[in-house]
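**Student:** What follows is a predicted protein model with its sequence.
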Amino acid sequence: MGFGIHVVGLIAVIVIAYLIYRLIKSEKILVPNRPISKSAEDILAERYARGELTKEQYIQMRDDIKGAAAR
């Protein structure tokens, strides 16, 4: 009977370890600090980096954003 208790305890430890592993893997516990929202300049820079904008479009939009922020 003592052996059975050890087997049940071992199974419980394995199940708990597996659940902890799954939670960590799915990032539900350890979520890195991510910005809640990106700034307009960050989004613009990403679009330029992906090639969605030409250099001229990027500069014009960047200047528009900076001008709007200064108002």
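**Tutor:** Good, I have the coordinates.
**Student:** Other residues contacting the helix or strand hosting Tyr58?
**Tutor:** According to DSSP states H and E, Tyr58 maps onto helix 55-70. Contacts of helix 55-70 with the rest of the structure, by Cβ atoms under 8 Å, 6 or more residues apart in numbering, involve Ala40, Glu41, Leu44, Arg47, Tyr48, Leu53. Yep, even glycine has a C-beta here, placed from its N, CA and C like the rest.
**Student:** Let me know the average pLDDT across it.
**Tutor:** Mean pLDDT, helix 55-70: 89.
**Student:** Break the protein into its domains for me.
**Tutor:** 1-33, 35-71 (automatic domain parsing).
**Student:** roughly how far is the helix holding Tyr58 from the heart of the chain?
**Tutor:** 28 Å (Cα atoms, centre = their mean, to the nearest Å).
**Student:** again with stretch 14-23
**Tutor:** 22 Å.
**Student:** Poorly predicted segments of this structure, please.
**Tutor:** 1-2, 27-36, 69-71 (pLDDT under 70).
**Student:** Helices of the protein, residue ranges please.
**Tutor:** 2-25, 40-49, 55-70 (DSSP state H).
**Student:** Now these in JSON lines, please, with extra columns for mean neighbour count.
**Tutor:** As requested, the helices of the chain are exported to JSON lines (neighbours: other Cβ atoms under 10 Å):
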{"stretch": "helix 2-25", "mean neighbour count": "10"}
{"stretch": "helix 40-49", "mean neighbour count": "14"}
{"stretch": "helix 55-70", "mean neighbour count": "12"}
